[in-house]
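**Q** Generate coordinates for the sequence data below:
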Amino acid sequence: MGNFFEFVIEHLVQFLQFTAFANLTVGHIIMICIGLAFIYLAIAKEFEPMLLIPIGFGILVGNVAFAPGYQIGVYESGSVLNYLYFGVLQGIYPPLIFLGIGAMTDFSALISNPKLILIGAAAQLGIFGAYCLALAFGFSPTEAGAIGIIGGADGPTAIFLSSKLAPDLMGAIAIAAYSYMALVPVIQPPVMKLLTTPKERLIRMKPPRTVSKTEKVIFAIAGMLLTTFVVPSGLPLLGMLFFGNLLKESGVTKRLADTAKGPMIDIVTILIGLTVGASTQATTFLTFKSIGIFALGAASFVVATFGGVMFVKIINLFLKEGNKMNPLIGNAGVSAVPDSARVSQVVGLEYDKTNHLLMHAMGPNVAGVIGSAVAAGILLSFLA
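**A** Sure thing, here's the model as predicted:
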């Protein structure tokens, strides 16, 4: 009988050693709290729920503490999560996201007013500003390049570039990029209001002209050729973006466009959110570098907003009265589509309930998508 109890106790102790309770650390608890915070913000505040719920739940999954060697974790070869994470590591998911974005994007505002693309380009100041800051903080050039792309407020592009330049930092970079995308309505308005005068906020812009189907089709093809001839390394993102847009605008591939912007992008968003979240295991994620990346990401986002708004103010110096642009659309030059354009609309309506800026802000907003992909291609060509 004594041997039986010893046997039971021995195996009970052995079982307990393999539970998450036995392997739990303070780091795991911190990360679980962060995951819960993401889920709370998604549900209670409706901050990018399509992103924050998969990422937040992925953080919970990634921080269930376990003993190594059982092929469970995202970093353990042969585990299911590791196979799903392959699409992140090899940069497969981001181009598929861009295909869906292209299929749901209307470039009419940009085509009708081509100078709006300059605002999208100016907002990329955040990318190169963050790159310089990261170098100053001691990050290597490749790490700084991967961190800098956070300033474009483009999660898929951040994942794509970090998979090529700094795979070890991908989890922190991806979480920072998606976090700041979700916080667009919180971060941008104070910067916009600080940089503009009451008179500038009331500027009314002329309605955009009607754009023909032919123009849209030509733009999709010419846009792909022009951008990728200048930056061939951006082909995986830019090629898929304009391909998706051609599926939409051609009018003869509606089923393909609907699939790209519907089921396909939803599936990839689930996979990329869950696996990126799961990659934030406390043992690999909670480092001083991760904290530095979050700080640099916030700074880059502010710089990007500053660059877009100030560029509109500068270009207005050369425009005649009646043709001036409202500087409140400058924030939309980042790649958070359509959230940053909505911020332009909301802030504009605070000062004039009849001044609708959304249709104008969508121009620099979609230009920001192109601009961030071009910037990623430039960084990749120099640093890879």
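
**Q** Give the other helices and strands that the helix or strand hosting Met240 contacts.
**A** Taking DSSP states H and E as the criterion, Met240 maps to helix 235-249. The helices and strands touching helix 235-249, judged by 3 or more C-beta pairs under 8 Å, 6 or more residues apart in numbering; DSSP states H and E, are helix 93-104, helix 155-165, helix 213-230, helix 254-259, helix 358-383. For every residue, glycine as well, the C-beta is placed using N, CA and C.

**Q** now with 6 Å?
**A** Helices and strands touching helix 235-249, as assessed by 3 or more C-beta pairs under 6 Å, 6 or more residues apart in numbering; DSSP states H and E, comprise helix 93-104, helix 213-230, helix 254-259.

**Q** so which of those helices gets nearest Val366?
**A** Closest to Val366 of the helices and strands packed on helix 235-249 is helix 93-104 (C-beta to C-beta; 9.1 Å).

**Q** quick one: average pLDDT of the closest one?
**A** Here the mean pLDDT over helix 93-104 is 95, rounded to a whole number.

**Q** how big is the angle separating that helix from helix 213-230?
**A** Taking axes from the mean of the first three to the mean of the last three C-alpha atoms, to 10 degrees, one finds helix 93-104 and helix 213-230 inclined to each other by 160 degrees.

**Q** Buried ones in helix 93-104, by neighbour count?
**A** Using 16 or more other C-beta atoms under 10 Å as the test for burial, helix 93-104 gives 93-104.

**Q** Output the residues you listed in a markdown table, with distance to Leu194 appended to each entry.
**A** Output for these, formatted as a markdown table (distance: C-beta to C-beta, whole Å):
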| residue | distance to Leu194 |
| --- | --- |
| Tyr93 | 36 |
| Pro94 | 33 |
| Pro95 | 37 |
| Leu96 | 38 |
| Ile97 | 33 |
| Phe98 | 33 |
| Leu99 | 37 |
| Gly100 | 35 |
| Ile101 | 30 |
| Gly102 | 34 |
| Ala103 | 37 |
| Met104 | 32 |
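
**Q** any idea which of those residues is closest to Tyr131?
**A** Ranked by distance to Tyr131 (C-beta to C-beta), the buried residues of helix 93-104 are led by Pro94 at 19.2 Å.

**Q** Next, give phi and psi for Ala121.
**A** Backbone torsions for Ala121, taken as degrees, to the nearest 10, come to phi -70, psi -40.
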